[in-house]
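Colleague: just need the structure, nothing else, for what follows:
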Amino acid sequence: MQHQHGLSITDFQSTQHNTTFVIFSVYDDVLGKYFQGEVKFLGGRPFGDIIHQERSPLSPECRQFVEETLLEKYNNMEFQ
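Modeller: Predicted coordinates for the structure are as follows:
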């Protein structure tokens, strides 16, 4: 069954040190819950508990969706 996760960017900010912080909300269709999250991009890679393989409250499918979606948006320069 294909799940329909949803991701909405709330805010983002870049610092002088080439770090970008992204705040978002996400709907995890596997769990049927909404979550708020924040990641920071360092060297083009996202970091944060919400996408950490062992610490994330998200289902594995949704965690992967969030990480891939944020990385795609970052690489498309949507957080400039």
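Colleague: ranges for the helices of the chain?
Modeller: Here the chain has its helices, by DSSP state H, at 60-75.
Colleague: centre-most residue in this structure?
Modeller: Centroid-nearest residue in the chain: Val66, 4.3 Å away (criterion: CA atoms, centre = their mean).
Colleague: identify the residues contacting that residue.
Modeller: If a contact means CB atoms under 8 Å, 6 or more residues apart in numbering, then Val66 has His5, Leu7, Phe24, Val26, Gly37, Ile50, Ile51, Leu58 as its contacts. Every C-beta, even on glycine, is put in place using the N, C-alpha and C of the backbone.
Colleague: what do you get for Glu67?
Modeller: Going by CB under 8 Å, 6+ apart, Glu67 touches Pro46, Ile51.
Colleague: and what of Lys40?
Modeller: Applying CB under 8 Å, 6+ apart, we find Lys40 in contact with Thr19, Thr20, Phe21, Val22, Pro46, Phe47, Gly48.
Colleague: no further queries at this time; thank you.
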